[in-house]
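Enquirer: Sequence first, then the predicted structure:
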Amino acid sequence: TDIVKALALGADSVGVGKPYLYVLAAGGTSVVIQAFDILRVKLDCAMGLLGVGTIDELKYCGPTLIKRRTSSSHAYLMNDSYSRPNSY
């Protein structure tokens with residue numbers, strides 16, 4: 001998830017409040033608690049797939065776990081007959 005990526009790349013906090021305000025308005029407190037439980041499960045799953053068990057471990061090992069692209073996707077030349085030339 002984006003939260004795990006941000007923490008792995010050094011963020012100290014991540015904002016997640018706006019969707020939960022919508023949930024609160026639509027369904028009340030119990031639905032917000034359910035939504036946070038779902039988020040917790042997704043975070044645990046993503047961290048488990050990366051092989052880390054805690055946020056501290058994620059932040060320590062994070063930069064080596066995240067793959068970064070070296071250039072943008074539109075920088076590659078397309079040499080087939082179906083591609084159109086870049087207009088920028």
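Expert: Cool, got the structure. As the structure is a computational prediction, the values presented were derived from the model and not from experiment. Numbering: from 1, shown residues only.
Enquirer: shaky segments in this structure?
Expert: 69-88 (pLDDT under 70).
Enquirer: name the element the residue lying closest to Gly53 once chain neighbours are set aside belongs to?
Expert: Closest residue in space to Gly53, ignoring its immediate chain neighbours: Met47 at 6.9 Å, by Cβ to Cβ, 6 or more residues apart in numbering. Glycine gets a C-beta too; all of them are placed from N, C-alpha and C. Assessed by DSSP states H and E, Met47 sits inside helix 29-50.
Enquirer: Identify each buried residue in that helix, please.
Expert: 32, 35, 43, 46-47, 50 (16 or more other Cβ atoms under 10 Å).
Enquirer: Redo those residues as CSV? Include distance to Ala26.
Expert: Compiled in CSV, the buried residues of helix 29-50 are given as follows (distance: Cβ to Cβ, whole Å):
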residue, distance to Ala26
Val32, 10
Ala35, 10
Leu43, 23
Ala46, 26
Met47, 29
Leu50, 32
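Enquirer: who's in contact with Arg66?
Expert: One correction, residue 66 is Ile, not Arg. Neighbour list for Ile66: 5, 8-9 [criterion: Cβ atoms under 8 Å, 6 or more residues apart in numbering].
Enquirer: Next: Gly17.
Expert: Contacts of Gly17 (Cβ under 8 Å, 6+ apart): none.
Enquirer: Which residue ranges of the protein form helices?
Expert: 2-8, 17-27, 29-50, 55-65 (DSSP state H).
Enquirer: burial of Ser13, as a residue count?
Expert: Other residues lying near Ser13 total 7 when counted by other Cβ atoms under 10 Å.
Enquirer: okay, the angle between the helix holding Met47 and helix 17-27?
Expert: Counting by axes from the mean of the first three to the mean of the last three Cα atoms, to 10 degrees, helix 29-50 lies at 140 degrees to helix 17-27.
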